[in-house]
Each structure stands twice: as C-alpha cells, then as structure tokens.
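Peer 1: Okay, sequence plus prediction incoming.
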Amino acid sequence: MPTSSPLHPAFGPSSPAVLASRLAREGDWCAMVEHVPGERRFSRIDVDGAEAWVISWAPGTGLGLHDHGGAAGALVVVQGSLVEQWRTRRAPENLRTNWLTTGSVVAFDGDHVHEVTNRDTQPAVSIHVYAPSLERMTFFADDPRDDHEVRYSPARVG
Ligand SMILES: [Fe+2]
C-alpha cells in the first residue's frame, strides 16, 4: 500500500522510504539533476544495500504502468510535482491516483503496479529506492490481461 508523508511508523530504519527520505535531505541529488526538454533522465546514487536513482522528468514525460519484479520500493518527490496512478497485481481493476508534490513520499510493496508522469508545465525530480535491487520489471497495457515482461534496464527504471 502506498503512503504519503509522514512516513508510516512501521517502516524500519533501513526501509526504502526511510532511505529515500534521507537521500532527499542529504541533497547530493542536486548535482545529478538533468533537465532536458522532452526527456526523462536518471542517475544512479551509490548507496549500500539498496538501489537508488535520481530521475529528472521533463514536462509530459512518464513511465507506463509497470511493476518492480516483486521488489519493495519508495519514491520521494524533491522538485516539482508528479502524478502516480497505481493498483495492485491482485486487484488490477482498482486504479487509483496520487497527486504528488515536492516532499511527497510513496512507499510500496512488491505487489505494487504504477505509472508515473509529469503532467505539470515545470520539470520534476524524484528519488527512487528499491530493495532488493531491480532484476526485472513487467509493463502492462491498459487492459490488465495484456502484459509483457522486460528485463530490468536503466532505460526503464522508475
Ligand atoms: Fe516504478
């Protein structure tokens, strides 16, 4: 289940949400931002025990409906705003929307399926953490019965 800030008390000190929030506070991501018109750019953050990325979203960019291969994860918006549409693998008909602004935190378990887009006119930046590291992702068409699996690649991270 995704949650918005403040962090759910059940998250332990090493959970993806806690790590993503710490990375957001530390600010190293500022030097990794790449705003390129019409593109979504990403840089890996070197952290122990998890996989973390800074993603720069130009207006109108996004990543279609996907899961994270069973990994849990979290994202924190550190600049601008993003829209997350999400559901679970168990209930594909129940698509919900999170309107995320700077400071919003979303944490999710391995059942989470989402699409993230920048619908604003300004660029956005988010920090994403996955645990365990991403090994594969499945991308879904609008029809939940029509899905295809891709091996994880940095081109798809999100
Ligand atoms: Fe994702």
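Peer 2: That came through, no problem. Numbers count the residues shown, from 1 in each chain.

Peer 1: how about the helices in the chain?
Peer 2: Counting by DSSP state H, the chain has these helices, from start to end: 16-26.

Peer 1: Okay, strands next: where are they in it?
Peer 2: With strands called from DSSP state E, the chain shows them at 40-45, 51-57, 62-66, 72-79, 82-88, 96-100, 105-108, 112-117, 124-131, 136-140, 147-151.

Peer 1: worst average pLDDT in these?
Peer 2: Across the strands of the chain, strand 147-151 has the smallest mean pLDDT, namely a mean of 73.

Peer 1: tell me what it is packed against?
Peer 2: Under the contact definition 3 or more Cβ pairs under 8 Å, 6 or more residues apart in numbering; DSSP states H and E, strand 147-151 sits against strand 136-140. C-beta here means a position set from N, CA and C on the backbone, and glycine is covered the same way.

Peer 1: would you put the C-alpha positions of the strand it packs on in PDB?
Peer 2: Output in PDB follows, covering the C-alpha atoms of strand 136-140 (Å, rounded to 0.1, in the frame of the first residue of the first chain):
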ATOM      1  CA  ARG A 136      13.100  -7.300 -13.900                       C
ATOM      2  CA  MET A 137      10.000  -5.200 -14.500                       C
ATOM      3  CA  THR A 138       6.700  -6.100 -16.100                       C
ATOM      4  CA  PHE A 139       5.000  -3.400 -18.200                       C
ATOM      5  CA  PHE A 140       1.200  -3.600 -18.600                       C
END
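
Peer 1: List the buried residues of it.
Peer 2: Buried residues in strand 136-140, counting neighbours by 16 or more other Cβ atoms under 10 Å, are found at 137-140.

Peer 1: could I get the strands of the chain as a markdown table with distance to Glu26?
Peer 2: Below are the strands of the chain laid out as a markdown table (distance: least, Cβ to Cβ, whole Å):
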| stretch | distance to Glu26 |
| --- | --- |
| strand 40-45 | 10 |
| strand 51-57 | 11 |
| strand 62-66 | 25 |
| strand 72-79 | 11 |
| strand 82-88 | 21 |
| strand 96-100 | 20 |
| strand 105-108 | 15 |
| strand 112-117 | 22 |
| strand 124-131 | 10 |
| strand 136-140 | 27 |
| strand 147-151 | 31 |
